[in-house]
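Can you look at this prediction? I've put the sequence above it.
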Number of protein chains: 2
Amino acid sequence: MSGRPAAGDAATAAGRRRRPRRDAELNRERVLDAAISAMLREGRHVPLAVIAAEAGVGIGTLYRSYPDRDALLHALEYRAYGLLNQILDEVDRPDVPGLDAVREFLARTIALGDQLILPLHGAPPLVSDRAVRARQEINRRLERFIERGHADGSIRAAVNATDVIVFSALITQPLPHGPGWPIVARRQLAIFVNGLAGSGPAGLPGPAVTREDIETAFALRAASPSPGPVPLGDDPQASPSPPGPDR
Amino acid sequence: MSGRPAAGDAATAAGRRRRPRRDAELNRERVLDAAISAMLREGRHVPLAVIAAEAGVGIGTLYRSYPDRDALLHALEYRAYGLLNQILDEVDRPDVPGLDAVREFLARTIALGDQLILPLHGAPPLVSDRAVRARQEINRRLERFIERGHADGSIRAAVNATDVIVFSALITQPLPHGPGWPIVARRQLAIFVNGLAGSGPAGLPGPAVTREDIETAFALRAASPSPGPVPLGDDPQASPSPPGPDR
DNA sequence: ACATATCCGGAACAATTCGTCCACATCGAC
DNA sequence: GTCGATGTGGACGAATTGTTCCGGATATGT
């Protein structure tokens, strides 16, 4: 991080490249937004040309930022993880009971709507190590909420952190999310939270499912489309696209 | 409807056509099965040629039964509705409490796995009147379970039939449904059912959502891809392609 | 067993979509 | 204001996918 040329002086240093142009970055954002709205409207396979048009940029511009459709989806996904971590920042106050933290997290997740609905679901969850790390961090932080809830008695013991993670994944799926969807989703949330807290018949069926199990399932699913054993290291276009959704 | 030639005699009647050949019908089933497995493996946009190959039929055969991809998806969806109604038949014994009926229905739904996961979600829910009718019937029957649950006290009053319908839609979404998925889903179900039954803080947030609201949301979403105000009556390809998935 | 309506297969053709390339425009540092 | 690096746009060839068509194979009723 120390090598990053501060805007003021080091641009001449060891021949490092300038900071990316402002308009270029703006265009990248525009493309991401257009991608969400176009895919929501016409399905995940809208021609990239349509997205470019909707973003008001040329097709060449789109291709420079995102070499192919996967790169675009990946950027979308990564940005979504940034949003989730942002929510977690806001929600994670150590004094609130675990159950309330969970509820609040899920409520804000629902409120984000389209921003999450599309990126996180319905297509191969891409596996760059950046993305995997981001996902793991989110999961870990949610896990902490649950543990806190177990400790303070607001969440019954049988409930696993994974159960919450899975619910959050379900509730952000691209179902008929017309104007009425947030209402419907909030009702689901209320029922779910009630199920977490209730002191009903104690146990949950089947063995517990761990965070690692879920990660594995994701990885498997992502790897399957290409029959060969793809190495799935980090993708080459790591630095250009979303430089700062993590702030 | 009365004009359908009974298998036994009327074949010679007014020059009506013979009964469709057995092998043809078999091939149609094969194609549907192959479509599910191929789409599950490679995503919803596998080339139709791949599906045909996997079904062991020629591409021409596929096209004769299903004039385009939508027709194929439609047939899949319709078959899924058939399965759901079949489950409802088995579950609907008038003596069991409403909550148990709901639980059983959802449990079997989960057990169906791939058969539902793919057809029902992730792409425009097609609107032929046949499909709409089937969906409405399922919804109505579930509604009856809920009302029974309200009456016998097994389901708290704030819960709407729609809430259950929405959950059933969520739980059959194509999430990472690797080998571990049924376990995860069953846990979600347990939490949900607990939330239905619990006597926690009474109300649910927001106004109630009716079955009609959901149907509307579906219709809107399906209509949206084409910007113009499509009338969305029944689609023209109703009769030729899937003559008997309703067996 | 025969006749024939029905169905099959896949090669050939058409329509989309992808992805590249390069002449021109624009930004930012000086 | 000037200059060079960086970014832009869209026409074009390549590749993929969709769709048709028809000679030949097969089931079905008699």
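Sure thing, it's come through. For clarity, every value in this text was computed on a predicted model and none was experimentally measured.

Domain-wise, how is chain A divided?
A:19-67, A:77-233 (automatic domain parsing).

Tell me which of the ones you listed lies nearest to B:Val50.
Of all these, it is domain A:77-233 that lies closest to B:Val50, at 12.1 Å by Cβ to Cβ. (Each C-beta comes from the backbone N, C-alpha and C, glycine too.)

Going by mean pLDDT, which of the domains of chain A comes out lowest?
Ranked by mean pLDDT, these end with domain A:77-233 at the bottom, a mean of 79.

centre of the chain versus that one, how much separation?
10 Å (Cα atoms, centre = their mean, to the nearest Å).

and it, is it in reach of DNA strand D?
No - for domain A:77-233, no contact with DNA strand D is found by Cβ under 7 Å from any atom of the strand; the gap never falls below 11.4 Å.

do that domain and DNA strand C meet?
No - Domain A:77-233 does not reach DNA strand C (Cβ under 7 Å from any atom of the strand); its nearest approach is 13.2 Å.

Kindly report the same for stretch A:45-61.
Yes - for stretch A:45-61, a contact with DNA strand C is found by Cβ under 7 Å from any atom of the strand, at A:His45, A:Pro47, A:Leu48, A:Ala49, A:Ile59, A:Gly60.

Out of those, give me the two with the largest separation.
A:His45 and A:Gly60 (20.6 Å).

So these two - more neighbours on which side?
It is A:His45, of A:His45 and A:Gly60, that has more neighbours when counted by other Cβ atoms under 10 Å in any protein chain shown, with 13 against 8.

From what I see, the more buried one and B:Arg69 are in contact.
No - with contacts counted by Cβ atoms under 8 Å, A:His45 stays clear of B:Arg69, the gap being 10.9 Å.

about what we covered before: which among the residues of stretch A:45-61 next to DNA strand C are in contact with chain B?
Near chain B, taking Cβ under 8 Å from any Cβ of the partner chain as the test, the members of these found are A:His45.

Could you list which of the residues of stretch A:45-61 next to DNA strand C also contact DNA strand D?
Answer for the residues of stretch A:45-61 next to DNA strand C near DNA strand D (Cβ under 7 Å from any atom of the strand): A:Ile59, A:Gly60.

ok, the residues of stretch A:45-61 next to DNA strand C vs B:Gln115, which is closest?
So of those, ranked by how close each gets to B:Gln115 (Cβ to Cβ), first place is A:His45, at 23.9 Å.

And chain B, is stretch A:61-77 touching that?
No - counting by Cβ under 8 Å from any Cβ, chain B is not contacted by stretch A:61-77; separation bottoms out at 10.9 Å.

Give the buried residues for that stretch.
Neighbour counts over stretch A:61-77 (16 or more other Cβ atoms under 10 Å in any protein chain shown) mark A:Thr61, A:Leu62, A:Ser65, A:Tyr66, A:Arg69, A:Ala71, A:Leu72, A:Leu73, A:His74, A:Ala75, A:Leu76, A:Glu77 as buried.

Give me the angle between the helix or strand where A:Gly195 lies and helix B:181-197.
For A:Gly195, the host element (DSSP states H and E) is helix A:181-197. If you take axes from the mean of the first three to the mean of the last three Cα atoms, to 10 degrees, helix A:181-197 sits at 90 degrees to helix B:181-197.

how about stretch A:142-149: buried residues?
For stretch A:142-149, using 16+ other Cβ under 10 Å, the buried residues are A:Leu142, A:Glu143, A:Arg144, A:Phe145, A:Ile146, A:Arg148, A:Gly149.

Out of those, flag the one nearest to B:Thr172.
Nearest to B:Thr172 among the buried residues of stretch A:142-149, with distances taken as Cβ to Cβ, is A:Leu142, at 23.7 Å.

Quick check: that closest one vs B:Leu170, distance?
Separation of A:Leu142 from B:Leu170 (Cβ to Cβ, to the nearest Å): 19 Å.

likewise A:Ile191?
Counting by Cβ to Cβ - A:Ile191 and B:Leu170 are separated by 11 Å.

Of these two, which one has the most company?
Comparing A:Ile191 with B:Leu170 by other Cβ under 10 Å, the one with more neighbours is A:Ile191, at 27 against 22.

residues in contact with the more buried one?
A:Ile191 makes contact with B:Val159, B:Asp163, B:Phe167, B:Phe192, B:Gly195, B:Leu196, B:Leu204 under the criterion Cβ atoms under 8 Å, 6 or more residues apart in numbering or on different chains.

Is the fifth one in contact with A:Gln188, as I believe?
Meaning B:Gly195. No - contact criterion Cβ under 8 Å: B:Gly195 and A:Gln188 do not qualify, at 9.1 Å.

what residues are shared contacts of these two?
By Cβ under 8 Å, 6+ apart, no residue touches both B:Gly195 and A:Gln188.

For the two, work out which one has more neighbours and name it.
Just comparing B:Gly195 and A:Gln188: by other Cβ under 10 Å the higher neighbour count belongs to B:Gly195, 26 against 22.
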